[in-house]
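Undergrad: following is a predicted model, sequence given first.
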Amino acid sequence: MATPDSEEIAALVTDVIDHGVRRVHVLAWRDLDDPEAGGSEVHADEFMRRWSAAGLEILHRTSAAVGLASTGRRNGYDVVRRGSRYSVFPRTVVSELTGRMGRSDALVEIWNGVPWFSPVWCRRPNITILHHVHGPMWEQILPGPLAGAGRALEAQVAPPFYRHAAVVTPSAATRDELLELGFRPGRVTAVDNGVDGFFTPGGERSPFPLVVAAGRMAPVKRFGLLLEAANEARRTVPELRVRLIGDGPLREELARWIGDHDAGGWVELPGHVERTALRDHYRSAWVVASASLAEGWGLTLTEAAACGTPAVATDIRGHRCSVIDGSTGVLAEPSRLGAALASVLTDDATRTRLADNALARAGGLTWDASALGVLRVFHRAVLDHRHRSTSASSSIRP
């Protein structure tokens, strides 16, 4: 069923094509089928499938992943996976400069920690999508000196090259952070993420206080901190249960924590689950939680909100846009996370109010609107590029 947003997407794509842009390359570190895919990959798929349906030809260029073919097709667009997690950057740039990936009329760069520096070498219309600044995450991703190099690359070396680039970020809080790094206010646009219409209220709440957290079990998510907070909250709420959904490199460490704390009776690790099961978990939870160190947008928190489940999460920039503190959930400093969990779980009236507000707000967050917001920035970049090209041609005429 067509919506006003989808109709505008169709109109803007038609205009983009009329201006000579039909084939678009989208560069990203990973794609949605990658075992390590997260919110950034969901976001990319959501806007690419809508742009493709409206008539653009999209090629999504990412790194290779174990178990995935080097080429494929998903939701109307092509995917090419070549190069390691690190070699994908130079290999892709060389491929773009030599035309090895075929004709491209425009480019979308998804900057995830390591930039592609597309404004330096791309002479076609282009925009950059930057979900969040990694900041303190670098110490968790890379050892010692390499972490410092990554932080310097992201915060000092790369930003000057993007001064004139059109940049999209999924939250106003991240936009503020980019401006602090020297990005130009008029070139950075915040476009809210959407919520899949699949996530809706239903079913029944757990009979005991259930806290659900979902995501990749990586250091940045700080699931260990969440378990410590839940353990603290159990002093007030002894019936509390925790369900950590997902998989990743820290799963064994979390399993050891459970054993060391004799927590097998109240902590579950169901692993990766399919969407229907994930929705069921959101619906049964009393609250959804996140102890993340950094996020561009807490996608799991808004998915749960669409199921009528409020959030208790760490007070970080990305969470401040996906959760309205005191209205759709509660944000707390790490040291206060346990107390915040206990407070929400023991106050039925507050929890109901938070749940109602979370559901109402999630209803206004759609992927059509998100894809349209990114497309508006892309459309302006196409028109600006055409204007500059026309002006340059006129200035050199005898």
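TA: Sure, I can see it. Numbers count the residues shown, from 1 in each chain.
Undergrad: pretty sure Leu354 is touching Val330, no?
TA: Yes: Leu354 is within contact range of Val330, at 7.4 Å (criterion: CB atoms under 8 Å). For glycine as for every other residue, the C-beta is placed from the backbone atoms N, C-alpha and C.
Undergrad: who touches both of these two?
TA: 310, 344 (CB atoms under 8 Å, 6 or more residues apart in numbering).
Undergrad: mind jotting down where the helices sit in the stretch 201-350 of the chain?
TA: Assigned by DSSP state H, counting those that start in this stretch, the helices in the stretch 201-350 of the chain fall at 223-233, 251-260, 275-284, 299-306, 317-322, 337-345, 348-362.
Undergrad: run the chain-centre distance for the fourth one.
TA: It stands for helix 299-306. Distance, stretch centre to chain centre, for helix 299-306: 12 Å (CA atoms, centre = their mean, to the nearest Å).
Undergrad: likewise for the first one?
TA: What separates the centre of helix 223-233 from the centre of its chain is 24 Å, taken as CA atoms, centre = their mean.
Undergrad: same thing with the longest one?
TA: How far helix 348-362 lies from its chain's middle: 23 Å, per CA atoms, centre = their mean.
Undergrad: extract the CA atoms of that helix and return them as CSV.
TA: Provided in CSV are the C-alpha atoms of helix 348-362 (Å, rounded to 0.1, in the frame of the first residue of the first chain):
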residue,chain,number,x,y,z
ASP,A,348,3.5,-0.9,37.6
ALA,A,349,1.9,2.5,36.9
THR,A,350,5.2,4.0,35.7
ARG,A,351,6.0,1.0,33.6
THR,A,352,2.5,1.2,31.9
ARG,A,353,2.9,4.9,31.2
LEU,A,354,6.4,4.3,29.7
ALA,A,355,5.1,1.4,27.6
ASP,A,356,2.2,3.5,26.2
ASN,A,357,4.4,6.4,25.3
ALA,A,358,7.0,4.1,23.8
LEU,A,359,4.4,2.5,21.6
ALA,A,360,3.0,5.8,20.5
ARG,A,361,6.4,7.2,19.5
ALA,A,362,7.4,4.1,17.7
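Undergrad: that one: what's the following helix or strand?
TA: Note on helix 348-362: by DSSP states H and E, the next helix or strand toward the C-terminus is helix 367-395.
Undergrad: look up phi and psi at Gly3.
TA: One thing to correct before we go on: residue 3 is Thr, not Gly. Phi and psi for Thr3, reported as degrees, to the nearest 10, are phi -120, psi 160.
Undergrad: how about the helices of the stretch 201-350 of the chain, which one is nearest His132?
TA: His132 lies closest to helix 317-322 among the helices of the stretch 201-350 of the chain, at 5.7 Å (CB to CB).
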